[in-house]
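1. Turn this into a structure:
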Amino acid sequence: MTETRSTCCYCGVGCGVLIESDGKQVQGVRGDPDHPANFGRLCSKGSTLHLSAQTSLQQQVRALYPEMRMPDRGNQSSRVRSDWDSVINVMASKFANTIKTYGPNSVAFYISGQLLTEDYYVFNKIAKGLIGTNNIDSNSRLCMSSAVAGYKQTLGADAPPACYEDIDIAEVIFIIGSNTAYAHPVLYRRIEQARERNPAMKVIVADPRRTDTAREADLFLPILPGTDVALFNGMLHLCLWEDLVDLDYIQAHTEGFAELKQTVRDYTPAYVAKICGIKEADLIQAARWFGQSKASLSLYCQGLNQSSAGTAKNAALINLHLATHQLGKPGAGPFSLTGQPNAMGGREVGGMANLMSGHRDLNNAADRAEIAAFWGVDAVAATPGKTAVEMFEAVRQGDIKIIWIVCTNPAQSMPEQNLIRDALHKAELVIVQEAYASTATVPYADILLPASTWAEKSGTVTNSERRISRVRAVIPAPGEARHDWQIASQFAQALAPLLDKSAQPFTYDTPEQVWNEHRDTTRGRDLDIGGLSYALLENQGPQQWPFPAGAITGKQRLYEDGIFPTTNGRARFLNTQYLPVKDAVDARYPFALNTGRLRDQWHGMSRSGTVAQLFAHVAEPGICMEATDMQRRFLKAGDLVHVSSRRGTVILPVVESDEQRPGQVFIAMHWGEEYVSGRGQSRHEGHASYGVNALTSPAIDPSSKQPELKAAAVKILKADLPWRFVVFAWLDADQAFAVQAALRPFMREFAYASCTPFGRDKVGMVFRAANEDAVATELLEKIEKLFAIEGAEILRYDDRRRGNSRHILVRDGGLAAVALAGDVSAEGWLNAYLQAQEPVAKLGRLLLMPSTTAPQGFTLRGKVICSCLNVADTEINATLEQLDGSPTGVLAALQTRLKCGTNCGSCVPELKKMISLDMRLKTQHPA
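-> Alright, predicted model coming up:
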């Protein structure tokens, strides 16, 4: 057994991990105590990475062999196994013919922030160097492009100026549009520790939702959706009024302040408080804390970026930092938190439609000439390519004939899913290069290319603080899967002769050769890594850029000298004006929908969704509503509702939540049709149900072209679906996710259906459906058969006239599977009984009775709060009844007794919330 240093593959924190393996199987994973990004900490997702790499999953969820649709793509079942040479040759021939007939812009690449830098570089070189098209964009367009545009337009380069160490020494931390406790838990642990060391530190959180991050803030600003520019302009107005700006710094190192000053004069406290929906006193307090502090650090993410005004939001925040000289010094700066493991690396190599290698711009002729000369091509096309939303619209319109999708899932993650799926249907050729055959995009693939993934591939990634880390392979890729850069290189070598070009520039044998070429494109640039090598990264560990030749270490903070990478060395103030969200609420669509992350899941869950215990905290899809909104619509928790935007409709159960104001609702971004769908709402609005992004808006920021995924107007109507069906069962670990995949077609037979895993040491699956009327018995039998509910040993009750049935499989004295149709009132306790693996001999006829009441002596366990150590809210509340003292003391006692919050710490904010509620109740009702 060996332990190998590598990097986590989830968010952009870039945590170091130690992978324990035997060379064939990943046995375990722990945080790398020597990695400067996390010092051994991991979140709930990172600490279960080894569970997502189990051999038992490979045959169930992985793409294992090249496949092609034969002979035509009209029949989606006709894709068959092929071999690499045949597939690559077909691809090269189709690309060459299409390019010769329609031109290079008739093809496109949609790639991913989950790729390694080496993968990214080869694809970018193929598109812009070999083919001559800039139609290559990344799913980073959905998360970080507004941050990129904001940095470039103000500071001159796509370079976060701060570092993680600044969290430790800041006096004020301003968190905006980020539920850091959920999205970047390891960084949030660092914030918690910094506050413990420095009780005087102030944390301000601005967010429409009262998230776990917001609950722990010293000051919470519950701004209305999309009003961030008004907030930042209002804070700058106050800083000007109270003489908290640094006029000497502004005069010496910036330009454009006079124009911005005139604009922010109008953003008075009363005006801003009204726009943002906050108290004037809170706005004033926020501005004073920020401006008076010796070191103010801003942390921000998708709440700023995923907006039709995302660039303005980023720039307005940077304006505030520039005016108060809160950057270029320890503990201060505007620090964007990257949403993917290598979105930063992709930006470094120019893997987007408007960028080029080494932070060069397509609109700069000198930059284009440099890269053309470096690659040995005549020229790089000057016209920017299609960005993500534009790209799929061009596919739908027929302008782009071939689209190659790599390591991303647009049939889940892109807005306005009707547009995306229409485009995928109309494309002449769809190529999907993917590790997971279970994603929603794979069925659209005419060609499926199996790719390696975490623990199987080697290369580099760059995290949010500009730190480059090595990713290392410890096990072989399954089946015939290949590395992404290898697939791209082999394709380029086959295509080049067909375009009468040389294949030699793509004859890479190792990822290090690719990385060295990328390194050479950065020399003399703001991100110069000329002094780095694989050997140095191996021997000295992860390093920050810039790290030019001759340097001993990378640069921790940028712009400490007040010189910026602009034409005149000065930072620029952008004259930012507040504009409302594009998809505004009105009488017909009165609710503002927000989307965001769950604590224990990531993106479309192609990886995290294979770890059953990560569903313990939030088990199934739902829409979070405020209590009075529910009461006005006569809704109770668990009721199904139609959620409709101007683009689509989904059906979801209601979850009561105190996190948002009345008039606002929330759906987790992760729920795509892999987990929740239905046949489409033909009886309601005529839209198909493709998960949350059937609802979201394709409106884009004019500068960054990032879509406004965080803001959509919706209406909510109770769903009249009285007939219900639910099946839950333990399944063989070697079959559970194959069963889930086999169930997906059946989900379209119901108005509403969901399917999610559960369990810990064992894996189970729950299938839930609702319909206007009882469905055919034959359909239910097919579904039950997948759960092994068939044969003479099944306990049965059937009332076909009423559409009611209860079928139960008992194995080894316990519940193994339960199927309830029509009357599902007993589901709550039966499901809990099954998951608790309680013996059923004493229950007798209770098993087949439609009772909502659990058997005497059996207590429902409740919601799991600590997924690492499997601690539920009932156990926590029972322990809290026995505890008294300060919140800190009670938390410590909880951690000692139950161990909750002692592993990754992601549940600590929720534990604090439970402690606070318990203390309030004890005060109101003393014993």
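2. contacts, neighbours, all on C-alpha from now
-> Fine.
3. Spell out the secondary structure type for Gly23.
-> When classified by DSSP: H, G, I helix; E, B strand; the rest coil, Gly23 comes out as coil.
4. For it, which residues are in contact?
-> The contact partners of Gly23, taken as C-alpha atoms under 8 Å, 6 or more residues apart in numbering, are Met1, Val474, Ile475, Pro476.
5. try 6 Å this time
-> Val474, Ile475 (C-alpha atoms under 6 Å, 6 or more residues apart in numbering).
6. Then the one 4 residues further on?
-> The contact partners of Gln27, by C-alpha under 6 Å, 6+ apart, come to Glu20, Ser21.
7. Name the SS class of it, please.
-> Secondary structure, three-state DSSP: Gln27 is strand.
8. out of everything not next to it in sequence, what's closest to the spatially most central residue of the chain?
-> With distances taken as C-alpha atoms, centre = their mean, His603 lies nearest the centre of the chain, 3.3 Å away. Closest residue to His603 apart from its sequence neighbours, by C-alpha to C-alpha, 6 or more residues apart in numbering: His670 at 5.3 Å.
9. do you know how far that neighbour is from Gly346?
-> According to C-alpha to C-alpha, to the nearest Å, His670 and Gly346 sit 23 Å apart.
10. Run a quick neighbour tally on Asp600.
-> Asp600: 25 surrounding residues under other C-alpha atoms under 10 Å.
11. quick one, helices of the stretch 1-150 of the chain?
-> For the stretch 1-150 of the chain, applying DSSP state H, counting those that start in this stretch gives helices covering 49-52, 55-61, 84-102, 117-125, 145-154.
12. If you could redo that for the stretch 501-650 of the chain, that was the one I meant.
-> Remark: helices assigned in the stretch 501-650 of the chain by DSSP H, counting those that start in this stretch are 511-521, 534-540, 627-632.
13. tell me the angle of the first one relative to helix 117-125?
-> Between the axes of helix 511-521 and helix 117-125, defined by axes from the mean of the first three to the mean of the last three C-alpha atoms, to 10 degrees, the angle is 60 degrees.
14. Give the buried residues for helix 511-521.
-> By 16 or more other C-alpha atoms under 10 Å, the buried positions in helix 511-521 come out as Pro511, Glu512, Val514, Trp515, Asn516, His518, Arg519, Thr521.
15. Include distance to Arg760 when you put these into TSV, please.
-> Converted to TSV, the buried residues of helix 511-521 look like this (distance: C-alpha to C-alpha, whole Å):
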residue	distance to Arg760
Pro511	37
Glu512	39
Val514	41
Trp515	40
Asn516	43
His518	43
Arg519	44
Thr521	47
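16. any chance of the residues you listed in CSV, plus pLDDT and distance to Gln153?
-> As requested, the buried residues of helix 511-521 are exported to CSV (pLDDT from 0 to 100; distance: C-alpha to C-alpha, whole Å):
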residue, pLDDT, distance to Gln153
Pro511, 98, 33
Glu512, 98, 33
Val514, 98, 30
Trp515, 98, 28
Asn516, 98, 29
His518, 98, 25
Arg519, 98, 25
Thr521, 98, 22
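17. Can you tell me which of these is nearest Thr48?
-> Nearest to Thr48 out of the buried residues of helix 511-521 is Pro511 (C-alpha to C-alpha; 27.0 Å).
18. any idea which helix or strand comes after the strand or helix carrying Ala893?
-> Using DSSP states H and E, Ala893 falls within helix 887-898. Under the assignment DSSP H and E, the closest C-terminal helix or strand after helix 887-898 is helix 908-924.
19. Only alpha carbons, please: show that next one as CSV.
-> This file holds the C-alpha atoms of helix 908-924, laid out as CSV (Å, rounded to 0.1, in the frame of the first residue of the first chain):
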residue,chain,number,x,y,z
VAL,A,908,-20.2,23.2,12.4
PRO,A,909,-22.3,26.3,11.2
GLU,A,910,-25.5,24.2,11.3
LEU,A,911,-24.5,22.9,14.8
LYS,A,912,-24.1,26.5,15.9
LYS,A,913,-27.6,27.2,14.5
MET,A,914,-29.1,24.3,16.4
ILE,A,915,-27.3,25.4,19.6
SER,A,916,-28.6,29.0,19.2
LEU,A,917,-32.2,27.7,18.7
ASP,A,918,-31.9,25.4,21.7
MET,A,919,-30.7,28.3,23.9
ARG,A,920,-33.6,30.5,22.8
LEU,A,921,-36.1,27.8,23.5
LYS,A,922,-34.6,27.2,27.0
THR,A,923,-34.8,31.0,27.7
GLN,A,924,-38.4,31.2,26.6
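20. Residues contacting it, please?
-> Residues outside helix 908-924 that contact it (C-alpha under 6 Å, 6+ apart): Asp212, Gly901.
21. how deep is Ala776 tucked in, by neighbour count?
-> For Ala776, the count of nearby residues is 10 (other C-alpha under 10 Å).
22. so what's Phe109 bridging to?
-> Phe109 has the following beta-bridge partners by DSSP bridges: Ile136, Trp404.
23. Quick check: it touching Cys407?
-> No: if you go by C-alpha atoms under 6 Å, Phe109 and Cys407 don't touch, sitting 11.1 Å apart.
24. out of the two, which sits in the busier spot?
-> Comparing Phe109 with Cys407 by other C-alpha under 10 Å, the one with more neighbours is Phe109, at 27 against 23.
25. Tell me the confidence at that one?
-> At Phe109, the model reports a pLDDT of 98.
26. so who does it touch?
-> Contact analysis of Phe109 by C-alpha under 6 Å, 6+ apart lists Ile136, Ile403, Trp404.
27. go on, Phe758?
-> By C-alpha under 6 Å, 6+ apart, the neighbours of Phe758 are Ala612, Gly764, Met765.
28. nearest to Thr507, of those?
-> Ala612 (41.4 Å).
29. show me where the stretch 651-800 of the chain has strands.
-> Under the criterion DSSP state E, counting those that start in this stretch, the stretch 651-800 of the chain contains strands at 664-668, 676-677, 712-718, 723-731, 752-759, 763-771, 795-799.
30. All good on my end, thank you.
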